[in-house]
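1. This is a predicted model, with the sequence first.
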There are 4 protein chains.
Amino acid sequence: MTEDALRDWWKTAIIDMEPGRIAFRGHPVQDLIGNVTFPQMIWLMVRGDLPDAAQAHLFEAALVAAVDHGPQAPSIAAARMAATCGVGLQSAMATGLNMLGDVHGGAGAQCAALMYDIAERAGPMDAAVKAGLAEWRATHGKMIPGFGHRFHKPVDPRAPRLMALVEAAAAEGTVSGDFARIGQAVQRQIGADRGTPIAMNIDGATAVIFCELGFPAPLSRGLFALSRSVGLLAHAWEQTEQGGRNKGPMPPAILPRYSG
Amino acid sequence: MTEDALRDWWKTAIIDMEPGRIAFRGHPVQDLIGNVTFPQMIWLMVRGDLPDAAQAHLFEAALVAAVDHGPQAPSIAAARMAATCGVGLQSAMATGLNMLGDVHGGAGAQCAALMYDIAERAGPMDAAVKAGLAEWRATHGKMIPGFGHRFHKPVDPRAPRLMALVEAAAAEGTVSGDFARIGQAVQRQIGADRGTPIAMNIDGATAVIFCELGFPAPLSRGLFALSRSVGLLAHAWEQTEQGGRNKGPMPPAILPRYSG
Amino acid sequence: MTEDALRDWWKTAIIDMEPGRIAFRGHPVQDLIGNVTFPQMIWLMVRGDLPDAAQAHLFEAALVAAVDHGPQAPSIAAARMAATCGVGLQSAMATGLNMLGDVHGGAGAQCAALMYDIAERAGPMDAAVKAGLAEWRATHGKMIPGFGHRFHKPVDPRAPRLMALVEAAAAEGTVSGDFARIGQAVQRQIGADRGTPIAMNIDGATAVIFCELGFPAPLSRGLFALSRSVGLLAHAWEQTEQGGRNKGPMPPAILPRYSG
Amino acid sequence: MTEDALRDWWKTAIIDMEPGRIAFRGHPVQDLIGNVTFPQMIWLMVRGDLPDAAQAHLFEAALVAAVDHGPQAPSIAAARMAATCGVGLQSAMATGLNMLGDVHGGAGAQCAALMYDIAERAGPMDAAVKAGLAEWRATHGKMIPGFGHRFHKPVDPRAPRLMALVEAAAAEGTVSGDFARIGQAVQRQIGADRGTPIAMNIDGATAVIFCELGFPAPLSRGLFALSRSVGLLAHAWEQTEQGGRNKGPMPPAILPRYSG
């Protein structure tokens, strides 16, 4: 095998390096540092192009919104416990990040997939929404990701704020607004189906934003993970400062029930 | 144990929640979304206060600079391999993040600790630098974190750009410039000790920034982890798009040598 | 909420503890130590009952067989790289373990699910096998987990040895032999379908054993993970002894190809 | 770079493979399956040689003893929470395994290092113990790993049972008994120093066994991690069967205290 062929094993369009030179997606790193925002850099790395300021502003709102949901979230609790077990800060973060699976962090990607599916259907919106929801439920069950919240009732305060920003961006021509309309139509339909209104939650609202900006559905999960890593770091660090050794999920006096 | 006492087990100053209400560090989430940048949000979450625009600009430069160092970095290679093993995008990211240990991602925090140690020593800078370096070497060995690079010779292109931003920020009064001076003095001293100049690397330059902005030394590691997570996501996603199943570190034709 | 109710949150039938007392599945720990084998302990912990010696012998063979597949396996490579990054041995192991996903470690559980599905179908074996395979392919695609190997051609040496042990156990009445027959019928059918014989691989053979012994299908994945953890530890430790810092997937001279 | 040189990058004395052939430490895999126990296989993989039956019996006792310490242990709690987040069983296990750091799982390795240090000191045992303890405390602080238990008072039931097995093995000539004597001398000395007896705990007793059998100190941590993986699997699976989505550390009604 030639060295040339070997180099192909790890081929990448993200980064180009030689000694003394680093370029990301074709941009020398020294031209990016100080000149692009962190959200623009994230976009560039993941997608290959640079967003303009208005796109980056909407993208940034979604990143800001999802940073944390407190120590009751299993990922945050695990990161805090890990911080008392004698591992590095990065391992405490990784412990929590690793738990953002299909159930804990996957709703955004699922909601984005549903909305892309609806967008691709021909015919009037209402029929497309009904057909999309029917197919989703047949495959995945009753619960529609992105709507309703077991804790924030009646309204998750992040969703209306994000949707207002989407509407403003649509009014300015930054995005089409198509996915905001789809999201709202889905919300109405679920409400009609169950006979009582339902709120859009953070996963739904961020999925709307990522779809409006053209991110493939699976990236909703990755971008959520990036955003939540901020909370993981903040909590792991706060716990480090609080101290403790081998912190368990409850005070030690509360022994688990033996059910055998 | 009273419910009141129980609530203390997971006490936090980061987030305050009730149904329908989320506040981070005292700020309702809907006031933050769209109004603070992602770097400001990171700072707020980790430290509790909001930086002004100039501080956030310098902080952002450090976050942008460290996002990736390509598939030869073990963390990036592992994340890409994980992406071909049938795990979620968040687990691929966590796999790489978990590897940013003392050797792979810890140099920034170590360099920051060294610079804080030098800053706290009384007397003239040169003596403080010599004493700080001597103590470091006695405890940790010859290699000084933050200086030199096994690949980027003679110069890591990220470091001079970051240092130029620090100097501009010092000129504007955003930061004191003390840690830039310490970093440069350390660089000169190492060069004198070994009889040949050495360059500051990305870990040294980001440590200077985080010290100038007042972040405790261990956070240099956490903030690096946050920045590098962007590269982990970008590479895991690119690999997902490239496809592959159970991608190994080398083409399958290259069998590992049996040395038994 | 009463303390009694709180204790239910972490209820478990696995372990019962008070100060000075630990019992697993009803057995005081001091009665188990020295009196049960490690495989018996694994079985007890996961299932709740103790296997007899003959069952434990067959179970043990499956655990022994799957410990390692060398540094070309992404999980092993990642564990070795992690061992050079300044993290603890447990984190190096966890890094590799975390990669044993649907593609890298999931074949055993999928194969077990397929065999249980065939076992539950009424009518003659051949028809059940054809129907089971057809349904599998309709849902999951052409590849049948547990058969064929991209590296070990024509035969994976672990599979025939494991199957010989199953046959011996069936002859002694330890197991029924039903799943060995199903596995062999599936193997014949795939061979007939593609017009050329195919070998059963390690995932197929261990799935046969776990099914013969009555383990639910998803546990095939967990037991594989347990077995492979041995290889992860051995390789992480060998790499630690070999030394190295930030070991990448290939020698540093082989730069990844930039494809942008 | 020649292919020959490339093969050296991943050189290993653990496994030798060609298509159709797998050998571990020089033994064809088909000769090991069914003929060595799982503990013998673990020893072979990690150390390179096969233990005899008596050595393997003592080694096995240590592996059996450390499998679990219930859901109050942060690692077990995290694995159970992860199992409700939509990740694979291996990721739930990895999440817990990753938390067995210096504080949560490192005591065995630290205790083994202390005992090896004492063993290497010249002169009478009591002086060596005093000197070893003094050096340990000067470097690491007051707490001596392997002795005392915050929960199991007065006695951790696993330790006396393991020590009885060590004594029996010493009487039969399987091991020297040197480290049992060192462990007991350390225990007496700590008791004398603090004026009240202290018990040896599981970490101390398993460290005695691993030292008697000649395992390097850092492997105590890896072997503990392997043993505890059994509990991680059992609990992750029990939680999977119990169900739940995004299980937090406490019932949702117990909101974390906001301390800001």
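-> Great, that's in hand. Residues are numbered from 1 along each chain as shown, chains lettered A, B, ... in the order given.
2. Enumerate the residues of chain A near chain C.
-> Proximity of chain A to chain C, by CB under 8 Å from any CB of the partner chain, involves residues A:3, A:6-18, A:25-26, A:48, A:86-88, A:91, A:98, A:249-250, A:254-260. Just so you know, the C-beta spots here come from the backbone N, C-alpha and C atoms, and that holds for glycine as well.
3. Please go through those and note which also touch chain D.
-> A:3, A:6, A:86, A:87, A:91, A:98, A:249, A:250, A:255, A:256.
4. and these, which are buried?
-> Among these, those buried by neighbour count (16 or more other CB atoms under 10 Å in any protein chain shown) are A:6, A:86, A:87, A:91, A:98, A:249, A:250, A:255, A:256.
5. Let me know the helix or strand that the first one is in.
-> In this structure, residue A:6 is located in helix A:3-8 according to DSSP states H and E.
6. which ones among the buried ones among the ones next to chain D among the residues of chain A next to chain C are found in helices?
-> Using DSSP state H, the subset of these located in helices is A:6, A:91.
7. Which one of the buried ones among the ones next to chain D among the residues of chain A next to chain C is nearest to chain C?
-> residue A:256 (3.8 Å; CB to the nearest CB).
8. Run through the residues that contact the nearest residue to residue A:7 once chain neighbours are set aside.
-> Spatial nearest neighbour of residue A:7, chain neighbours left out: residue C:257 (4.2 Å); criterion: CB to CB, 6 or more residues apart in numbering or on different chains. Contacts for residue C:257 (CB atoms under 8 Å, 6 or more residues apart in numbering or on different chains) come out as A:7, A:8, A:10, A:11, A:12.
9. hmm, try it at 10 Å
-> A:4, A:5, A:6, A:7, A:8, A:9, A:10, A:11, A:12, A:13, A:16, B:71 (CB atoms under 10 Å, 6 or more residues apart in numbering or on different chains).
10. give me phi/psi at it?
-> Main-chain dihedrals, residue C:257, degrees, to the nearest 10: phi -70, psi 130.
11. now swap in residue A:27 and tell me
-> According to degrees, to the nearest 10, residue A:27 has phi -100, psi 120.
12. Domain-wise, how is chain A divided?
-> A:12-50, A:51-246 (automatic domain parsing).
13. Please produce CSV containing these, extended by mean pLDDT.
-> CSV is the format used below for the domains of chain A (pLDDT from 0 to 100):
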stretch, mean pLDDT
domain A:12-50, 97
domain A:51-246, 96
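14. which of those domains is buried the deepest?
-> Ranked by mean neighbour count, those are led by domain A:51-246 with a mean of 22 (mean count of other CB atoms under 10 Å in any protein chain shown).
15. End to end on it, go ahead and measure it.
-> 44 Å (CA to CA, to the nearest Å).
16. Check stretch A:231-250 too.
-> Start-to-end, stretch A:231-250 (CA to CA) is 21 Å.
17. What's the separation between the spatially most central residue of chain A and chain C?
-> Nearest to the geometric centre of chain A sits residue A:224, at 2.0 Å (CA atoms, centre = their mean). In this view, residue A:224 and chain C are 19 Å apart by CB to the nearest CB, to the nearest Å.
18. Pull the contacting residues for that residue.
-> Counting by CB under 10 Å, 6+ apart, residue A:224 makes contact with A:62-63, A:65-66, A:100, A:104-109, A:202-203, A:206-207, A:210, B:89-90.
19. Could you do residue A:139 as well?
-> Counted by CB under 10 Å, 6+ apart, residue A:139 has zero contacts.
20. host element of it?
-> Counting by DSSP H and E, residue A:139 is part of helix A:125-140.
21. Between all of the ones next to chain D among the residues of chain A next to chain C, which two are at the greatest distance?
-> Within these, A:3 and A:255 form the most distant pair, 61.3 Å apart (CB to CB).
22. mind checking pLDDT for the residue nearest to residue A:7?
-> You'll see residue C:257 listed with a pLDDT of 96.
23. For residue B:82, see how far away it is.
-> Computed as CB to CB, to the nearest Å, the residue C:257 to residue B:82 distance reads 21 Å.
24. repeat for residue A:253
-> From residue A:253 to residue B:82 the distance is 40 Å (CB to CB).
25. now residue A:42
-> 20 Å.
26. before we move on, what about residue A:63?
-> Counting by CB to CB, the gap from residue A:63 to residue B:82 is 23 Å.
27. Likewise for residue A:73?
-> Applying CB to CB to residue A:73 and residue B:82 gives a distance of 23 Å.
28. What residues does residue A:125 make contact with?
-> Counted by CB under 10 Å, 6+ apart, residue A:125 has contacts A:118, A:119, A:178, A:181, A:182, A:184, A:185, A:186, A:189.
29. chain center to the helix or strand containing residue A:30, what's the gap?
-> Assigned by DSSP H and E, residue A:30 belongs to helix A:29-32. Distance of helix A:29-32 from the chain centroid (CA atoms, centre = their mean, to the nearest Å) equals 27 Å.
30. Which residues does that helix contact?
-> Contacts to helix A:29-32, defined as CB under 10 Å, 6+ apart, come from residues A:15, A:17, A:21-25, A:40-41, A:44-45, A:50, B:61, B:64-68, B:156-162, B:164, B:202.
31. Now the element after that helix, going C-ward?
-> As assigned by DSSP H and E, the chain's next helix or strand after helix A:29-32 is helix A:38-47.
32. and residue A:17, what element?
-> Going by DSSP H and E, residue A:17 is part of strand A:15-18.
33. is chain B contacted by that strand?
-> Yes. Using CB under 10 Å from any CB of the partner chain, strand A:15-18 reaches chain B at A:15, A:16, A:17, A:18.
34. Out of these, flag the one nearest to residue A:240.
-> Nearest to residue A:240 among the residues of strand A:15-18 next to chain B, with distances taken as CB to CB, is residue A:15, at 31.9 Å.
35. Identify the residue nearest the closest one in space, chain neighbours excluded?
-> Leaving aside its sequence neighbours, residue A:15 sits nearest to residue B:70 (CB to CB, 6+ apart; 4.6 Å).
36. Give the full set of residues in contact with the one you found.
-> A:10, A:12, A:14-17, A:22, A:24, B:76-77, B:151, B:231, B:235, C:248, C:255-256, C:258 are the contacts of residue B:70 under CB under 10 Å, 6+ apart.
37. repeat for residue A:42
-> Counting by CB under 10 Å, 6+ apart, residue A:42 has contacts A:36, A:51, A:56, A:59-60, A:63, A:222-223, A:226-227, B:38, B:63-64, B:67, B:229-231, B:233-234.
38. before we move on, what SS does the residue nearest to residue A:15 have?
-> coil (DSSP: H, G, I helix; E, B strand; the rest coil).
39. so residue A:22 sits in a helix?
-> No. Assessed by three-state DSSP, residue A:22 does not belong to a helix; its assignment is strand.
40. Surely it touches residue B:156?
-> Yes. If you go by CB atoms under 10 Å, residue A:22 and residue B:156 touch, sitting 8.2 Å apart.
41. Give me the distance from stretch A:169-189 to the chain's centre.
-> Here stretch A:169-189 is found 18 Å from its chain centre; the criterion is CA atoms, centre = their mean.
42. Could you do stretch A:113-127 as well?
-> 22 Å.
43. before we move on, what about stretch A:109-123?
-> The answer for stretch A:109-123 is 17 Å, by CA atoms, centre = their mean.
44. and stretch A:166-178, C-alpha only, in CSV?
-> Coordinates of each C-alpha in stretch A:166-178 appear next as CSV, following Å, rounded to 0.1, in the frame of the first residue of the first chain:
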residue,chain,number,x,y,z
VAL,A,166,-37.8,32.7,13.9
GLU,A,167,-40.7,34.9,12.9
ALA,A,168,-38.5,38.0,13.0
ALA,A,169,-35.9,36.2,10.9
ALA,A,170,-38.6,35.2,8.4
ALA,A,171,-39.9,38.8,8.2
GLU,A,172,-36.4,39.9,7.4
GLY,A,173,-35.9,37.3,4.8
THR,A,174,-33.2,35.4,6.7
VAL,A,175,-35.2,32.2,6.6
SER,A,176,-38.4,31.1,4.8
GLY,A,177,-40.6,30.5,7.8
ASP,A,178,-41.8,27.3,6.2
